[in-house]
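Asks: predicted structure and sequence below. I'll ask about it afterward.
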Amino acid sequence: MHEDPGYTDLLDGPAWAPSLVAQALDAYYWFAYAMAVALGAWEAGRLKKDQVWLLAPSRSRYRVTAETLLPGVLVSWMVLLLPVAMALVEAGVWPTLSALPLLGMGLFLVCAHTVIGFTVGLRVHRAISAPLLAAAVLYLVGWSASDSKRMWPRHISGQYTEGLLFGELVPFASLWPHLLFAGSLAAFCALSWASLATCRSTRIALRGVACGLTLAVMAACVAHVHSWGAVSPLSANNAPLDCTGSQPKVCVPEAADADVAGLRQDVKSTIDALRKAGVEARMPDTVNDTLAAGRANTRSTRQEWWLPLSKSARSETVRLSVVLKSVRFPCVRTDQVNSRSAVLWAATVAGAGQRYLAWQRQELQQFQNADEVMAVMKHRVSKARTLTAAGQTAWYQQELVKACKNAGEDTQP
């Protein structure tokens, strides 16, 4: 797992048990299911060879089957439990109830695959059924996760490949297609070899109805997930938050172990400095950390901002994030120089000028005239900083207008 960048990133970032469990299980679902179905078929062949079910029925077939399949189920469970335990121990994180659904799904589907393999093994010799079933499960489960054209198979195969970002959880609406698709087939398989104390015609009718219900459930699972994309529906922003203050109230996940009071002071002082310089910066009601939202939409509003607070290594980075939220152009498309000059001036006023310049050196590498743009914007801001406070405010307002007016045109210094 250490060769997976996603796993190492989880170890380096804030602790979130559901993410660790999902990442640890991702590489072992298919192996556990293949082992379970093969062991089930093999044990069925052993029962058939020893003619156990032809003996006097002192125990029910279900009990005999359960006792026979239990060792194989436990071995397959260990394939899932060991990686999860090792990941949690390595990260130093205690398991939580919210981290158990994916593990529970895997354990349940191990049982389902064992029953399916057992049923096939009763009718096909174990030397043939066991390896063929293992290969089929390996291929089908692995193919469902890698197929880029058809997304729906991955949402019913029991292979949850999307992973979980910080603060994300898998709702039951995303799990039940996995559970019912294989679970309904396993239930029908178990019914097919059960001893029903009825006449032959009634048994055929009952099994026919059960077959129809099984197909209906499997079709319902496919229909439910058919329109899903690569990622099934997720629940975001579930991590416990550490909040402080009001107007703005700043909230950061507790696992980030951040100085929330210091972050709030950076946000408030930056907005105050921009207002004092003449920037129309609005004080939000709430400032949330984007880390808590996972991959959910974190579009800010006038009352609620989403900023990468816990990911900011320095106070200057937080200030720059606030500046970028506060500088508003009266248009959508802006030019290269005037727009950057306006933002650089605002960042300089807020004490984040050097951080903005470092960021722009990376951003402008894609342009051939990167050095020229950097030199022009620094020259314009340096010249503006020699003006009076009122003059700088007027210059800033003009830059906003020019940035829109000169959009798409080369601006000269």
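Replies: Here it is on my side, so go on.

Asks: any low-confidence regions in the stretch 101-250 of the chain?
Replies: By pLDDT under 70, the weakly predicted segments of the stretch 101-250 of the chain are 195-198.

Asks: tell me how many other residues surround residue 214.
Replies: Neighbourhood size, residue 214 [other CB atoms under 10 Å]: 20. Where you see a C-beta, it was placed from the backbone N, CA and C, and this is true even at glycine.

Asks: list the buried ones in stretch 281-301?
Replies: Neighbour counts using 16 or more other CB atoms under 10 Å place 281, 283-284, 286-294, 296, 298 of stretch 281-301 among the buried residues.

Asks: surely residue 357 and residue 344 touch.
Replies: Yes - contact criterion CB atoms under 8 Å: residue 357 and residue 344 qualify, at 7.1 Å.

Asks: mutual contacts of those two, please.
Replies: Counting by CB atoms under 8 Å, 6 or more residues apart in numbering, the contacts common to residue 357 and residue 344 are residue 378.

Asks: so which of these two has more stuff around it?
Replies: Using other CB under 10 Å, the more surrounded residue of residue 357 and residue 344 is residue 344, with 24 against 17.

Asks: distance of the more buried one relative to residue 18?
Replies: 41 Å (CB to CB, to the nearest Å).

Asks: contacting residues around stretch 70-89?
Replies: 1, 7, 17, 20-21, 23-25, 27-29, 31-33, 35-36, 39-40, 42-43, 94-95, 103, 106-107, 110-111, 113-114.

Asks: then stretch 132-147?
Replies: Counting by CB under 8 Å, 6+ apart, 29-31, 33-35, 37-38, 41, 113, 116-117, 120, 153-154, 156-159, 161 sit against stretch 132-147.

Asks: tell me which of these fall in strands.
Replies: With DSSP state E as the criterion, strands contain none of those.

Asks: all strands for the chain, in order.
Replies: Along the chain, the stretches classed as strands by DSSP E are 241-244, 249-253, 286-289, 304-307.

Asks: count of residues packed around residue 25?
Replies: By other CB under 10 Å, the residues close to residue 25 number 24.

Asks: do the same with residue 144
Replies: Neighbours of residue 144 under the rule other CB under 10 Å: 20.

Asks: please apply the same query to residue 125.
Replies: Neighbours of residue 125 (other CB under 10 Å): 12.

Asks: quick check: closest non-adjacent residue to it.
Replies: residue 45 (6.3 Å; CB to CB, 6 or more residues apart in numbering).

Asks: am I right that the one you found is in contact with residue 128?
Replies: No - in this structure, residue 45 is not within contact of residue 128 by CB under 8 Å, at 9.2 Å.

Asks: so which of the two has more stuff around it?
Replies: Per other CB under 10 Å, whichever of residue 45 and residue 128 has more neighbours is residue 45, with 21 against 13.

Asks: for residue 150, see how far away the more buried one is.
Replies: 34 Å.

Asks: same question, residue 260
Replies: 45 Å.

Asks: tell me which of those two has more neighbours.
Replies: Neighbour count, other CB under 10 Å: between residue 260 and residue 150, residue 260 has more, with 22 against 10.

Asks: neighbours around the residue nearest to residue 268 when sequence neighbours are not counted, how many?
Replies: In space, residue 268 comes closest to residue 248 once its chain neighbours are excluded; the distance is 6.8 Å by CB to CB, 6+ apart. Neighbour count for residue 248, taken as other CB under 10 Å: 21.

Asks: what residues are up against residue 242?
Replies: When contacts are counted by CB under 8 Å, 6+ apart, residue 242 touches 251, 252, 253, 254, 256, 258, 260.

Asks: which stretches in the stretch 101-250 of the chain count as helices?
Replies: Assigned by DSSP state H, counting those that start in this stretch, the helices in the stretch 101-250 of the chain fall at 126-146, 172-192, 200-225.

Asks: so which of these is nearest residue 405?
Replies: Evaluated over those, closeness to residue 405 peaks at helix 172-192, with 48.8 Å, by CB to CB.

Asks: what's the longest helix in this protein?
Replies: Secondary structure of the chain per DSSP state H: the longest helix is helix 61-91.

Asks: centre of the chain to that one, how far?
Replies: A distance of 26 Å separates the centroid of the chain from that of helix 61-91, by CA atoms, centre = their mean, to the nearest Å.
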